[in-house]
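1. Here's my sequence, what's the structure:
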Amino acid sequence: MKRAAVIITLALLIIVCCALIFVPDYDSPRVVKFLILSQVMFALSIVLFVVARRVDFESQYRRLFLILVVMALVARAVMLIGAGDKFYLSDDIYRYVWDGRVTADGINPFLYSPQDEEVAHLVDSTIHSKINHAWLPTIYPPMAQNIFVLAYVVGGGTTLGFKLVAAIFELLTIVTLLVWLRSTGMPRSHLLLWLFSPLVLIEFYLSSHLDILAMPFLVGCLIAMQNKRAGLSGILLAIATTVKFYGLFFAPFLFLYFVGRDRLRFAVGYAAALAALYLPYVASAGPDVFGSLFRYLADWQYNASIFFVLKYALGIAAARYIVGGAFLVWFGWLLWRKQDVLGKMFGVFGGYLVLTTTFFPWYFVWIYPFVMRNLSWAFLFLSGSVLLSYHVHIGYYAEGEWSVMPWLGVISYLPFYVLLILQGIRNRRLRVISG
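-> Below is the predicted model:
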């Protein structure tokens, strides 16, 4: 079958691009090459999906689907082995390893920064000196801390140890996504969007960000919701929330989705799991259990779209009030609107990415399952173009400062907003026709 040959060729080209990231070496930052390769990989992944979505992977071409899964695993192995313990896109992983070391030593990581004397006995020559914002205590919630400890024990306090644990969570995400897509009536071809996504390959195998640790729990929560397991859904969402607080965005919509006793079961499961996970840390940290989270929320800005436009036009204070107010209005409107719960969950996080002051590429993973289900071409485009935000590293490695190139921001966001508007017009027309 010619279509099968094309699909396999495209998958092979993505693997080749993964390998080219590390050629001739990965010791010195080659940001321009990375930016080009990331966009080539993204284009290949979209073409692969467009060609493959007409193939019957459920019955007629199961073997082809299995071949593609194996090739996706090979791409992950190339990224994992190629990068090893070297990093230049992000240094967040050093904080993960440090937090695991602190907690394993019996110290509450929310109490002290890596520079405090109370943790000076844990300082080493490989991890400690590379921690960013080392003067601040951690911002990562309890479940993340628990997994950091697990990774520390398994990996002996190395970055590779954490990357291997994170890889296991990503593989679990693939399994849960396949189960969830099947339960919602989506074809297997939609999983290819995840399997060959450059964002997934780069952020969770090249850089290894902690957001992937939440994904099996978030998708598991959606599966439990589909099966009317309200209590389990609440527990799993609470676990995802305590990996990273983005799970809070979804809780009100799931609470309102369930009715009667199921609503109570969801609330009890969510609250009980939150309490159980927080209690060991609250016992010694008290109100400091959030570490430096609120300072991060108040100060950080990166790769925003609407916020940056408003900031340059009206000033930072006005911009913050406007995007914050707009998001609250959007959130309330979604709560009130009659729409399927998965659409609302997609909408609330999509609104957050549009209005946020800080949009690192790995944040996108929280909306990826809903993009796969809804097949939003606007957000699919954003999943690739957001990787262009790494262009700030060009100036960082040349002059020691992040240098923003506004024209790359236009390339990243303008097509996204055009596609989003066209998608909105199309959806409105469909509602008028069906209504």
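2. In the stretch 101-250 of the chain, where is pLDDT below threshold?
-> By pLDDT under 70, the stretch 101-250 of the chain contains no weakly predicted segment.
3. All the helices of it, residue numbers only.
-> 142-155, 159-183, 192-195, 198-201, 215-226, 230-241 (DSSP state H, counting those that start in this stretch).
4. which parts of the third one are buried?
-> Residues of helix 192-195 classed as buried under the neighbour-count rule (16 or more other Cβ atoms under 10 Å) are Leu192, Leu193, Trp194, Leu195. No exception for glycine: its C-beta is placed from N, CA and C like everyone else's.
5. Got the phi and psi for Thr358?
-> The phi/psi pair for Thr358 (degrees, to the nearest 10) reads phi -140, psi 120.
6. And Thr126, by the same measure?
-> Note on Thr126: backbone dihedrals following degrees, to the nearest 10 are phi -110, psi -30.
7. Could I get the helices of the stretch 101-250 of the chain in CSV, plus columns for distance to Leu48?
-> Below are the helices of the stretch 101-250 of the chain laid out as CSV (distance: least, Cβ to Cβ, whole Å):
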stretch, distance to Leu48
helix 142-155, 32
helix 159-183, 16
helix 192-195, 6
helix 198-201, 12
helix 215-226, 22
helix 230-241, 29
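8. With Val32 as the reference, name the closest of those.
-> helix 198-201 (16.0 Å; Cβ to Cβ).
9. just so I know, which of the helices of the stretch 101-250 of the chain lies nearest Leu111?
-> helix 142-155 (12.1 Å).
10. and the angle for the closest one with helix 230-241?
-> Using axes from the mean of the first three to the mean of the last three Cα atoms, to 10 degrees, the direction of helix 142-155 lies 70 degrees away from that of helix 230-241.
11. Helix 142-155 vs helix 159-183, what angle?
-> Using the same axes, to 10 degrees: helix 142-155 against helix 159-183 is 120 degrees.
12. For helix 142-155, enumerate the helices and strands it packs against.
-> Contacts defined by 3 or more Cβ pairs under 8 Å, 6 or more residues apart in numbering; DSSP states H and E place helix 142-155 against helix 92-104, helix 159-183, helix 261-285.
13. Tell me which of the ones you listed sits most buried.
-> Each of the helices and strands packed on helix 142-155 was scored by mean neighbour count; the highest is helix 92-104, a mean of 23, by mean count of other Cβ atoms under 10 Å.
14. pull the CA atoms of that one into PDB?
-> Taking Å, rounded to 0.1, in the frame of the first residue of the first chain, the C-alpha atoms of helix 92-104 are listed here in PDB:
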ATOM      1  CA  ASP A  92      14.700  23.000  35.500                       C
ATOM      2  CA  ILE A  93      15.700  19.400  36.000                       C
ATOM      3  CA  TYR A  94      18.500  20.300  38.400                       C
ATOM      4  CA  ARG A  95      15.900  21.700  40.800                       C
ATOM      5  CA  TYR A  96      13.900  18.500  40.500                       C
ATOM      6  CA  VAL A  97      17.000  16.400  41.400                       C
ATOM      7  CA  TRP A  98      17.900  18.800  44.200                       C
ATOM      8  CA  ASP A  99      14.400  18.700  45.700                       C
ATOM      9  CA  GLY A 100      14.500  14.900  45.700                       C
ATOM     10  CA  ARG A 101      17.800  15.000  47.500                       C
ATOM     11  CA  VAL A 102      16.500  17.400  50.100                       C
ATOM     12  CA  THR A 103      13.300  15.400  50.800                       C
ATOM     13  CA  ALA A 104      15.200  12.100  50.800                       C
END
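15. Report the angle between that helix and helix 261-285.
-> 80 degrees.
16. hmm, who's touching helix 92-104?
-> The contact list for helix 92-104 (Cβ atoms under 8 Å, 6 or more residues apart in numbering) reads 87, 109, 112, 114, 119, 122, 127-128, 130-132, 138, 140, 144-145, 148-153, 157-159, 161-163, 207-210.
17. Narrow the residues you listed to those that are buried.
-> Buried residues within those, counting neighbours by 16+ other Cβ under 10 Å: 87, 109, 112, 114, 119, 122, 127-128, 131, 138, 140, 144-145, 148-152, 157-159, 161-163, 207-210.
18. Ser284 contacts Tyr112, doesn't it?
-> No - assessed by Cβ atoms under 8 Å, Ser284 is found out of contact with Tyr112, at 11.2 Å.
19. list the contacts for Gly269?
-> By Cβ under 8 Å, 6+ apart, Gly269 lies in contact with Ala230, Gly231, Leu232, Ser233, Gly234, Ile235, Ala238.
20. Roughly how far does it sit from Thr242?
-> 13 Å (Cβ to Cβ, to the nearest Å).
21. With Asp85 instead?
-> From Asp85 to Thr242 the distance is 27 Å (Cβ to Cβ).
22. Can you pick out the residue with more neighbours from these two?
-> When neighbours are counted by other Cβ atoms under 10 Å, Asp85 and Thr242 differ, and Thr242 comes out ahead with 24 against 11.
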